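> model this:
(4 chains)
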2 protein chains.
Amino acid sequence: MYRSVQSAADILAGWTSIVKRSIVPVGMKVKKQTAPIGRPRAFDADRALDRALEVFWRRGYEGASLSELTEAMEINRPSLYAAFGDKESLFRRVLDRYAGGPAGYTQSALDAPTARAAVERLLEGAIKLLTDPHHPQGCLLVQGALTCGEGAGAVRRELAVRRAAGEAALRRRLDRARREGDLPRDARPGDLASFFAAVIHGMAVAAAGGADRRKLKRIAQTALSVWPDGNREMPEKSPN
Amino acid sequence: MYRSVQSAADILAGWTSIVKRSIVPVGMKVKKQTAPIGRPRAFDADRALDRALEVFWRRGYEGASLSELTEAMEINRPSLYAAFGDKESLFRRVLDRYAGGPAGYTQSALDAPTARAAVERLLEGAIKLLTDPHHPQGCLLVQGALTCGEGAGAVRRELAVRRAAGEAALRRRLDRARREGDLPRDARPGDLASFFAAVIHGMAVAAAGGADRRKLKRIAQTALSVWPDGNREMPEKSPN
DNA sequence: TCACTTATGTACCGCTCGGTACAAAGCGCT
DNA sequence: AGCGCTTTGTACCGAGCGGTACATAAGTGA
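Below you'll find the predicted structure:
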């Protein structure tokens, strides 16, 4: 979930070579294997992306100005365009970084042994993410561009698609659980997935408004009480 | 709930006289009682506000440009500024109109005879509001400005305050219900209010992403299953 | 008719936006 | 050293932003 393919725009714009240059030395322990020619870049691309993520996260796509971005990334404008393309391409790169970094817990959460544990981990991870003092409060997929001017419609839709992908991944996990007998036959994976997605996005709205961790915890616990399991008592901790 | 006082900025800017002029003829059936002097305005202020609401709702506060606003309101720029002040003042006027109009159901919903009926009405009203084809999809209080540039911070905070006010009103209703025995003693009105507020805001995010009425209905029904009432069967329709 | 008051319409303001042209700088290669 | 290639920094572009000056229009009251 939240895994994204290399965007077509990036390929067309020829990012592959650039990505390779910054990725290869990390992936393998070879130093300057093929020795890039030309003046070397003076910044770390991933670090710059993290700074950009921070800005987009706090300001939203449209609220983040190129001036604020370049200042935070400690890069000047032409370098940004040479390395990441225009604002929209940069934002998509940032989205991937978000999915693989701060929001990466979603993937491992769904690997939990039971569906209920998966949902609990999803909620716990969301609470930590949404209120982590090292980042802006809230969720980039929600507050990145719920609304926008005409020019940013593509970005708005992209965020909606990614949110839907998250819900779909959860739904698949719950489907599997029902097939395995982990969920009762009369449980409705689609409804449950929509519901927990809504709860998580609602918690994101709350966090954007300043809600603290305790409050989100209570929301999550209340939400978990819908679990269709003959209404066993709500555990303080997940049973595994 | 969602009721708001006359903002200090409006008072300082001297809107009271203008408001009076457009409100009095509506409130009382007197025609030209005191006969305003000067050239009469060529547009209906409330109608113009409705058009502005539409634009802010779809675009968000920052995404709505003055050009798009004036075009939709069928007003030129100086008339807008003379009648409603700057963009932020206009937005606050629009917020009040939203609270009293499309979102007005929240007030009557809380007057329902039982707490559960109140929450059901709240959810039903939200579903209708969020997916009404006559308006943009979603909730102005959520998508108006979850994030923004530095200049719109006050608007962002104002929206958070109004969301919190809605939750607080629900909480008061649930408090009352517990006092009256309508909710069990061990129910937690604060937790329930936070939870249903989060669900509604999550549904707003879903609606902004294109969710249809059926999907929101399922989310609401699932959410209602947390109701702390010995788990009676969930009704298909609210009992009134 | 003439002042007085208020609304309208045009035309503009300074500023910031996202995006880029261009020359200098820093590297490998020969 | 000199060439080829890429990045860097400055300085700029046109466009759109929110907001306003100013002359004119359209009413009331005398």
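> shouldn't residue A:116 be in contact with residue A:228?
No. Judged on CB atoms under 8 Å, residue A:116 makes no contact with residue A:228 at a distance of 9.7 Å. Heads up, the C-betas are built off the backbone N, CA and C, glycines and all.
> Determine if any part of the helix or strand harbouring residue A:94 is in contact with DNA strand D.
Secondary structure from DSSP states H and E places residue A:94 in helix A:87-100. No. Helix A:87-100 is not in contact with DNA strand D by CB under 7 Å from any atom of the strand; minimum separation 12.4 Å.
> following that helix, which helix or strand comes up?
helix A:105-109.
> residue ranges for the helices of chain A, please.
Secondary structure of chain A by DSSP state H: the helices cover A:8-13, A:15-27, A:45-59, A:66-73, A:77-84, A:87-100, A:105-109, A:115-131, A:140-143, A:153-179, A:189-208, A:213-224.
> Those residues of chain A touching DNA strand C, which are they?
A:35, A:37-40, A:62, A:64-68, A:77-78, A:81, A:86-88.
> In terms of pLDDT, where does the residue nearest to the spatial centre of chain A sit?
For chain A, the residue nearest the mean C-alpha position is residue A:99 (3.6 Å; CA atoms, centre = their mean). With respect to pLDDT, residue A:99 has a value of 98.
> same thing with the one 10 residues further on?
For residue A:109, the pLDDT comes out at 98.
> May I have the residues that are in contact with it?
A:118, A:121-122, A:125 (CB atoms under 8 Å, 6 or more residues apart in numbering or on different chains).
> Can you give the domain ranges for chain A?
Annotated domains of chain A cover A:42-101, A:104-235 [automatic domain parsing].
> need those in JSON lines with distance to residue B:179, can you?
Output for the domains of chain A, formatted as JSON lines (distance: least, CB to CB, whole Å):
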{"stretch": "domain A:42-101", "distance to residue B:179": "42"}
{"stretch": "domain A:104-235", "distance to residue B:179": "21"}
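> Does residue A:194 touch residue B:221 like I think?
No. If you go by CB under 8 Å, residue A:194 and residue B:221 don't touch, sitting 10.4 Å apart.
> Model confidence score at residue A:37, please.
On the pLDDT scale, residue A:37 gets 88.
> one step back: out of residue A:116 and residue A:228, which sits in the more crowded spot?
In this view residue A:116 and residue A:228 are compared by other CB atoms under 10 Å in any protein chain shown, and residue A:116 has more residues nearby, 22 against 16.
> How about that one, nearest residue that isn't a chain neighbour?
The shortest distance from residue A:116 to any non-neighbouring residue, by CB to CB, 6 or more residues apart in numbering or on different chains, is to residue A:227 (5.9 Å).
> ranking the helices of chain A by burial, who's on top?
Greatest average neighbour count among the helices of chain A goes to helix A:140-143 (a mean of 28), per mean count of other CB atoms under 10 Å in any protein chain shown.
> Give me the mean pLDDT for that one.
For helix A:140-143, the per-residue pLDDT averages 98.
> For that helix, name the packing helices and strands.
helix A:45-59, helix A:87-100, helix A:153-179, helix A:189-208 (3 or more CB pairs under 8 Å, 6 or more residues apart in numbering or on different chains; DSSP states H and E).
> number of nearby residues for the closest residue to DNA strand D within chain A?
Taking CB to the nearest atom of the strand, DNA strand D has its nearest neighbour within chain A at residue A:38, 2.1 Å off. Counted with other CB under 10 Å, the neighbours of residue A:38 add up to 5.
> Over to it: give its phi and psi.
Per-residue torsions, residue A:38: phi 90, psi 170 (degrees, to the nearest 10).
> show me what contacts it?
Counted by CB under 8 Å, 6+ apart, residue A:38 has zero contacts.
> circling back: what's the separation between the residue nearest to residue A:116 and residue A:147?
Applying CB to CB, to the nearest Å, the value for residue A:227 to residue A:147 is 33 Å.
> Return the residues of chain A in contact with DNA strand D.
So chain A meets DNA strand D at A:18, A:37-43, A:75-79, A:82-83, A:149 (CB under 7 Å from any atom of the strand).
> Closest to chain B out of those?
Nearest to chain B among the residues of chain A next to DNA strand D, counting by CB to the nearest CB, is residue A:149 at 4.2 Å.
> what about the closest residue to that closest one other than its chain neighbours, neighbour count?
Of all residues not flanking residue A:149 in the chain, residue B:63 sits nearest, at 4.2 Å (CB to CB, 6+ apart). Residue B:63 has 26 neighbouring residues, counting by other CB under 10 Å.
> ok, residue B:63 touching residue A:153?
No. Contact status for residue B:63 versus residue A:153: not in contact, 10.0 Å apart, counting by CB under 8 Å.
> any weak-confidence spans in chain A?
A:1-35, A:230-240 (pLDDT under 70).
> The same query, at a cut-off of 90, please.
Residue ranges of chain A with pLDDT under 90: A:1-38, A:229-240.
> Now do the helix holding residue A:94 against helix A:77-84, angle only.
Following axes from the mean of the first three to the mean of the last three CA atoms, to 10 degrees, one obtains 60 degrees for the angle between helix A:87-100 and helix A:77-84.
> Helix A:87-100 packs against which elements?
Secondary-structure packing of helix A:87-100 (3+ CB pairs under 8 Å, 6+ apart): helix A:8-13, helix A:45-59, helix A:66-73, helix A:77-84, helix A:140-143, helix A:153-179.
> Dump the C-alpha coordinates for the fourth one into PDB.
Yep, that's helix A:77-84 we're talking about. Coordinates of the C-alpha atoms in helix A:77-84 are reproduced here as PDB (Å, rounded to 0.1, in the frame of the first residue of the first chain):
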ATOM      1  CA  ARG A  77      15.900  27.600  -8.000                       C
ATOM      2  CA  PRO A  78      17.700  26.300 -11.200                       C
ATOM      3  CA  SER A  79      19.200  23.500  -9.200                       C
ATOM      4  CA  LEU A  80      15.800  22.500  -8.000                       C
ATOM      5  CA  TYR A  81      14.400  22.500 -11.600                       C
ATOM      6  CA  ALA A  82      17.400  20.600 -12.900                       C
ATOM      7  CA  ALA A  83      17.200  17.900 -10.300                       C
ATOM      8  CA  PHE A  84      13.500  17.500  -9.700                       C
END
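> chain center to that helix, what's the gap?
Chain-centre distance of helix A:77-84: 24 Å, with CA atoms, centre = their mean, to the nearest Å.
> Quick one: list the elements packing against that helix.
Counting contacts by 3+ CB pairs under 8 Å, 6+ apart, the secondary-structure elements packed against helix A:77-84 are helix A:45-59, helix A:66-73, helix A:87-100.
> and the first one, does that touch chain B?
Yes. Contact check for helix A:45-59 against chain B, using CB under 8 Å from any CB of the partner chain: residues in range are A:58-59.
> contact partners of that helix?
With contact meaning CB under 8 Å, 6+ apart, helix A:45-59 is reached by A:18, A:22, A:64-65, A:68-69, A:72-75, A:80, A:83-84, A:90-91, A:93-94, A:97-98, A:101-102, A:135-136, A:138, A:140, A:143-144, B:147-149.
> repeat that with 7 Å
Contacts of helix A:45-59 with the rest of the structure, by CB atoms under 7 Å, 6 or more residues apart in numbering or on different chains, involve A:22, A:64, A:68-69, A:72-73, A:75, A:83, A:90-91, A:93-94, A:97-98, A:135-136, A:140, A:144, B:147-149.
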